[in-house]
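Visitor: Pasting the sequence and the predicted coordinates here, then a few questions.
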Amino acid sequence: MIDSDTLMLDCEERMENVLKSFKNILNNARTGRANPKMFDGLTISYYGVDTLVNQISSISVPEGNQIYIKPYDKSTLPLIEKAIFAANMGVTPQNDGNGIRIILPPMTEENRIKVVKDVRKSSEDAKVQVRSIRQDINGALKQNEKDKEISEDMLDAYLKDVQDLTDKYIKEIDVQLDIKVKDIMTI
C-alpha cells in the first residue's frame with residue numbers, strides 16, 4: 001500500500017502536470033498577434049535527436065503580426081520549415097535563406113469565437129482531469145483507512161487537503177482561461 005503522504009505528493013504533482021499541459025495548449029492558441037510561445041512545442045530531428053526549435057534558434061517578433069525564426073545552424077532551415085507545415089498551425093513559413101518569416105493572417109471575429117470555444121473546451125477537459133486525480137487519490141486514501149494504515153480523523157484531514165488542492169488547481173485553470181479569452185478577443 002502507498003503511504004498517504006506519498007499519495008498527497010503524487011496528487012499535487014499530477015495536478016501540476018495537468019495545469020502545465022493546459023498552459024501549453026493556451027500558448028498554442030492563436031490570438032491574432034505574434035507570440036513566439038506558439039513554437040514552444042515544435043521539434044525537429046537535429047542530428048538524430050528530437051530537439052525543440054526554440055533551443056536551436058532565436059525566435060523574435062519584428063512586427064505585431066510577424067515572427068522570425070533564425071536558426072543558429074542554417075542547415076536546419078528546411079527541417080524547421082517542414083516542421084511548421086507538419087504542425088498544421090495555419091501559417092505559411094517563408095524561408096529567406098537566413099531564417100524563416102511567418103506572417104500571421106488577421107483573425108476574423110468568427111475565428112476568434114472558434115478559438116475561444118476550443119480553449120474553453122480544453123479548460124473543461126483539464127478540470128475533468130483534475131477531478132479524476134482527486135477521485136483516484138481519495139479512493140487510495142480510503143483504502144489506506146480501510147487497511148488501518150490511517151485513522152478516520154486522518155482520512156478526513158487528507159480528504160480535505162485533496163479537495164483544497166483540487167479547488168486551487170481548478171481556480172488556476174479558470175484564471176488562465178480568463179486571461180487567454182481576453183487576449184483572444186482583444187483586437
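Guide: Sure thing, it's come through.
Visitor: Local confidence estimate at the residue lying closest to residue 177 once chain neighbours are set aside?
Guide: Once flanking residues are discounted, residue 177 sits nearest to residue 123: 4.4 Å by Cβ to Cβ, 6 or more residues apart in numbering. To be clear about C-beta, it is placed using only N, CA and C from the backbone, and glycine gets the same treatment. Reported pLDDT at residue 123 in the predicted model: 96.
Visitor: got the contact list for residue 123?
Guide: Residues near residue 123 by Cβ atoms under 8 Å, 6 or more residues apart in numbering: 22, 173, 174, 176, 177.
Visitor: Could you give the number of residues near the second one?
Guide: Spelled out, it's residue 173. 24 (other Cβ atoms under 10 Å).
Visitor: Looking at the contacts of residue 123, point me to the pair that's furthest apart.
Guide: The most widely separated members of the contacts of residue 123 are 22 and 174, with 10.6 Å between them, by Cβ to Cβ.
Visitor: higher neighbour count, the two?
Guide: Neighbours per residue (other Cβ under 10 Å) separate residue 22 from residue 174, with residue 22 holding more: 24 against 13.
Visitor: And the more buried one, how close does it get to residue 151?
Guide: 36 Å (Cβ to Cβ, to the nearest Å).
Visitor: So for stretch 125-135, what gets flagged as buried?
Guide: 126, 127, 129, 130, 133, 134 (16 or more other Cβ atoms under 10 Å).
Visitor: now stretch 100-117, how far from the centre of its chain.
Guide: Offset of stretch 100-117 from its chain centre (Cα atoms, centre = their mean, to the nearest Å): 19 Å.
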